[in-house]
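Pasted the sequence and its predicted model underneath.
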Amino acid sequence: MTKNELQFLSNIADVLTKEVGTSELANDIKAKFDNKSLKELNLYVYDSVTNTIRDSINGWAIIENSPEIYEAYKNIQGHDFVINQKAYKLPSVIGDITFKIDSIFMPIVKEEKVFGLINLVFESGTSVNMEFLFLMKIFSSQVSLKLQNIVLTEQSKINVEFHDSMKNIAKIIETQYELNYIVPIIGEMLDRFITDHLIYVFLKQGEEFQLVWPKACKDERVYEALSQLTPETEYILSNNDKIGAFPLISEDGEISGCIVARSTLDALSKRDISYLEQLTRQSAITINRANSYSKILQYATIDALTNLNNRRQFELRLGQEIATTRRQNNPLCAMMIDIDFFKRVNDTYGHASGDAVLRGVAGIIKSALRESDIPSRYGGEEFAVLLPYTHIEEAKIVGERLRKAVETNPIPINVEEAGVSSINVTISMGLAEFNNQETGEELFERADKALYDAKTSGRNRVCIN
């Protein structure tokens, strides 16, 4: 082996010790070639799950419409090279032979099995000798070891993210049981993991599927896939496998909803389908538990997270206070409260921090009110408060005091990895006074409209209907 060849292998060894991605790795390797006629260096990996070849340099994209690469992968089995689409095995000794080459493929091997290809593309008519081919055989062995580690690391990362997603979906029920709160969280978790496809979450309302997350889906093919689902269906694939519908099955074996993955580019791979099947099953278990827990708690009076009255207890107290107000002709005000940009808290710091914010705001609300006032968690990040024996002018004073208390009191969240121990949030508030001619529901509809005005006019303010 010549001095130049030893220097080349030494340079390649230095490149392979770096912790870089495959794109930077390919560029660094190419820079070590003295051959000026080398135009491209490609690194392809065979995906046994999808039976496809992926371009590891360009985001692990599936190689399509390139029979030359698939044919080279087929022909290189048991050989050392595919040169100009012909397979060759090196002899035991170096002969005085030269090749005119445009393209050369070398195997990436793991445990004597080919799992990828190194592809060199040259200027047309480039000549190489046997010494070069022997050098390339050693070179391909070096690169094979590096790519084994990269592929293993990439797969391990995906597996860790998958198990984290499964665990996080299962843990939601520890603090939440309201479907209108937990289903969007599940949707966000799935969306973060299945990054190459759009995720939609539907729940069954009677005979119809209602989109719960995100806010809109205009692709009629998604609804067409939903219409084909039965309780016995494992999943539905349509539109060249670019849309997958995975049913959520209730405890009694009926369809309670569906998770849909949609792409405008790549089809769902076997690996994607396997992950989505398992994530959907875990989501169904979590939703079923939430439904069961909700039925148990519907007769309780306290919200488990905030220790305020729950929605059912609030509605009971509202009926009682309306009856008392009508009978005694006393004033009564309603207050609707919403935490500003609450989704941003969840997205930035995580849902555990979101729960901490809900508890913190609930504590401030409770401490800022009178003993006779009736605070409740209305749902999600909304709170409802009844203010008996209170006129609207007095309610405005209470509301401003409460708004300022939330604004000026940091709430502990303890996100160590982000270096954050507390955050400040604000609230928007709508007020309405009972007019003795309306129902309790109509009173809070007016308070809710005032809340909407507060949010659309800049947030962190109190508005009166």
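Arrived safely, thanks for sending. Numbering: from 1, shown residues only.

Could you find the closest non-adjacent residue to Gln148?
Taking CB to CB, 6 or more residues apart in numbering, and ignoring the residues beside it in sequence, Gln148 has Lys110 as its nearest neighbour in space, at 5.2 Å. C-beta coordinates here come from the backbone N, C-alpha and C atoms, glycine included.

Also Phe246?
Phe246's closest residue in space is Thr280 (CB to CB, 6+ apart), at 4.0 Å.

Neighbouring strands of the longest strand along the chain in the sheet, and parallel or not?
Ordering each strand of the chain by length in residues (DSSP state E) puts strand 113-129 first. Here the strand partners of strand 113-129, with direction, are listed using DSSP bridges: strand 38-47 (antiparallel), strand 98-110 (antiparallel).

So what's the residue count around Arg54?
19 (other CB atoms under 10 Å).

I figured it was touching Asn42, is that so?
No - with the criterion set as CB atoms under 8 Å, Arg54 and Asn42 do not qualify as a contacting pair; they are 11.2 Å apart.

What is the helix or strand bottoming out on mean pLDDT in the chain packed up against?
Taking mean pLDDT, DSSP states H and E as the measure, the helices and strands of the chain show their lowest mean at strand 61-62, namely a mean of 75. Here strand 61-62 is seen to pack against strand 52-55 when contacts are counted using 3 or more CB pairs under 8 Å, 6 or more residues apart in numbering; DSSP states H and E.

Ile199 - that's part of a strand, no?
Yes - with the criterion set as DSSP: H, G, I helix; E, B strand; the rest coil, the secondary structure at Ile199 is a strand.

Could you check how many residues crowd around it?
Neighbouring residues of Ile199 were enumerated by other CB under 10 Å; the total is 22.

shift numbering so it begins at 328
Okay, using 328 as the starting number, the last item reads as Ile526.

quick one: contacts for it?
Remark: with contacts taken as CB atoms under 8 Å, 6 or more residues apart in numbering, Ile526 is in contact with Gly514, Leu517, Asp518, Trp540, Ile586, Val587, Ala588.

Check which helix or strand the last one maps to.
In this assignment (DSSP states H and E), Ala588 forms part of strand 582-589.

for the record, mean pLDDT for that strand?
Averaged over strand 582-589, pLDDT sits at 93.

Where do the helices of the stretch 528-677 of the chain begin and end?
Defined through DSSP state H, counting those that start in this stretch, the helices belonging to the stretch 528-677 of the chain, from first to last, are 547-554, 597-624, 638-655, 669-676.

In terms of mean pLDDT, which of these ranks lowest?
Note on those: lowest mean pLDDT is at helix 597-624, with a mean of 83.

hmm, back to that, could you save the strands paired with strand 440-456 as CSV and add columns showing mean pLDDT?
Written out in CSV, the entries for the strands paired with strand 440-456 read as follows (pLDDT from 0 to 100):
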stretch, mean pLDDT
strand 365-374, 85
strand 425-437, 86
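
Thanks a lot, catch you later.
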